[in-house]
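Visitor: Here is a sequence with its predicted model. Questions after.
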2 protein chains.
Amino acid sequence: MHFDLDQLFQKSDLIPVIIQDVETKDILMLGFTNREAVELTLKTRTAWFWSRSRQKLWNKGESSGHFLHVEKVVTDCDTDTLLYFCRPDGPTCHTGARSCFFNTIMEEEQ
Amino acid sequence: MHFDLDQLFQKSDLIPVIIQDVETKDILMLGFTNREAVELTLKTRTAWFWSRSRQKLWNKGESSGHFLHVEKVVTDCDTDTLLYFCRPDGPTCHTGARSCFFNTIMEEEQ
């Protein structure tokens, strides 16, 4: 499956990556990636990101041990966003929660 | 459920929004939103975005009729990303596909 990674970074050097649990389909987190982090992800099969706050590459799990094992990488119709289907080693959120998305702002009454 | 929307836009005027199908849990698209688009989304219960290419607000479905009905809005641990759980009226992608995420770059062999 050949794909030219340059296609992803035509509009911006940094694009969003959605992390979805390959089993439960829950969204675990969203990060940003540059080209180098995508290359490292494809090579190591664990999720790498570009940290905007620390201005450095990071391999999710490098300090916690909770790596995200990437089983599938998909891009969208205009190739400016990535979706990684992952198998997490443990909680993804730094708070210890399984997913970073736990703050509900609005919910329809059923 | 009170939530101060200012919290979302402390780092940037524009943040990513993941659109997840409330039934299938598939990711349908990713867009960007500013504060006004979030307010319109909460008011109309359909997804609004800020188009970076056209530099304008848009209500997904305004031309296609395929609105995204927002049933739940969640933010992440550091309140810089949104997740909308939606019920789509029709295909979400402009190509006619149900989801914008259909270009597989890598897939593990089982």
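Guide: Everything's here; your move.
Visitor: So A:N59 is in contact with A:W50, correct?
Guide: No. Contact between A:N59 and A:W50 fails when scored by CB atoms under 8 Å: they sit 11.3 Å apart. In this view, the C-beta of every residue, glycine as well, is placed from N, C-alpha and C.
Visitor: higher neighbour count, these two?
Guide: Between A:N59 and A:W50, counting by other CB atoms under 10 Å in any protein chain shown, A:W50 is the more crowded of the two (21 against 16).
Visitor: for that one, helix, strand, or coil?
Guide: The three-state assignment at A:W50 reads strand, by DSSP: H, G, I helix; E, B strand; the rest coil.
Visitor: Contact partners for the closest residue to it other than its chain neighbours?
Guide: Distances taken as CB to CB, 6 or more residues apart in numbering or on different chains put A:N34 closest to A:W50, at 4.6 Å, once the chain neighbours are dropped. Neighbouring residues of A:N34 by CB atoms under 8 Å, 6 or more residues apart in numbering or on different chains: A:9, A:13-14, A:50, A:57.
Visitor: and of these, the nearest to chain B?
Guide: When those are compared for distance to chain B (CB to the nearest CB), A:L14 wins out at 11.3 Å.
Visitor: Tell me the buried residues in the longest strand along chain A?
Guide: When chain A is parsed with DSSP state E, its longest strand is strand A:68-76. Residues of strand A:68-76 classed as buried by neighbour count (16 or more other CB atoms under 10 Å in any protein chain shown): A:68-71, A:73-76.
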